[in-house]
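>>> Next comes the sequence, and after it the predicted model I'd like to discuss.
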Amino acid sequence: MKVAVDKRSTDEVVKYADMFSAMGTEPRLRIMQLLLSAHPDGLVVGEIQDELDIPNSTLSHHLDKLKNEGLVLVQRESTFLRYTANTEALQNLLRFLYAECCTRNKAVKSKAVIQVCT
């Protein structure tokens, strides 16, 4: 059975695949966890570095990748950069997955997802 896919759907898949790819390394996933735990205030680069013990140049690379995919937001504070998790982007990503797995074909029971989140 062939399912019709529109251009918008294809663009969404590409966008979300890039987001998953950006989080697809252990250090970046740790950064996302840390920023989510510090939400809504976020953390400055030095705090992230102290917490995760990632060399500065490597951390900068990881943060740039996450920022470029819209997963983190950055704000300059004097000489510091403060990073926060982009919860709106993460909600959209989760909605995308939820729509596919829990609504169309009920591959995953929605109550199971909600129970994990509470």
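Yep, that arrived. Numbers count the residues shown, from 1 in each chain.
>>> alpha carbons only for contacts and neighbour counts from here, please
OK.
>>> Quick one: low-confidence residue ranges for this structure.
Counting by pLDDT under 70, the ranges of the chain that qualify are 1-8, 100-118.
>>> which residue is nearest the middle of it?
Ranked by distance to the mean C-alpha position of the chain (C-alpha atoms, centre = their mean), the top residue is residue 71 at 4.4 Å.
>>> okay, stretch 58-65 in CSV with CA atoms only?
Output of stretch 58-65 as CSV, limited to C-alpha atoms (Å, rounded to 0.1, in the frame of the first residue of the first chain):
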residue,chain,number,x,y,z
THR,A,58,34.9,20.6,21.2
LEU,A,59,32.1,22.1,23.3
SER,A,60,31.9,25.1,20.9
HIS,A,61,31.5,22.7,18.0
HIS,A,62,28.7,20.7,19.6
LEU,A,63,26.8,23.8,20.7
ASP,A,64,27.1,25.3,17.2
LYS,A,65,25.6,22.1,15.7
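>>> So which bits of that stretch are buried?
Buried residues in stretch 58-65, counted by 16 or more other C-alpha atoms under 10 Å: 59, 62-65.
>>> Show me where the chain has its helices.
7-22, 26-37, 45-52, 56-68, 87-98, 110-117 (DSSP state H).
>>> Redo these as CSV? Include distance to residue 78.
Compiled in CSV, these are given as follows (distance: least, C-alpha to C-alpha, whole Å):
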stretch, distance to residue 78
helix 7-22, 28
helix 26-37, 20
helix 45-52, 13
helix 56-68, 18
helix 87-98, 24
helix 110-117, 36
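>>> I'd like to know which of those is closest to residue 77.
Among these, the nearest to residue 77 by C-alpha to C-alpha is helix 45-52 (11.2 Å).
>>> how far does that closest one sit from the chain's center?
Computed by C-alpha atoms, centre = their mean, to the nearest Å, the chain-centroid distance of helix 45-52 equals 18 Å.
>>> Could you tell me the angle between it and helix 56-68?
Here helix 45-52 points in a direction 110 degrees away from that of helix 56-68 (axes from the mean of the first three to the mean of the last three C-alpha atoms, to 10 degrees).
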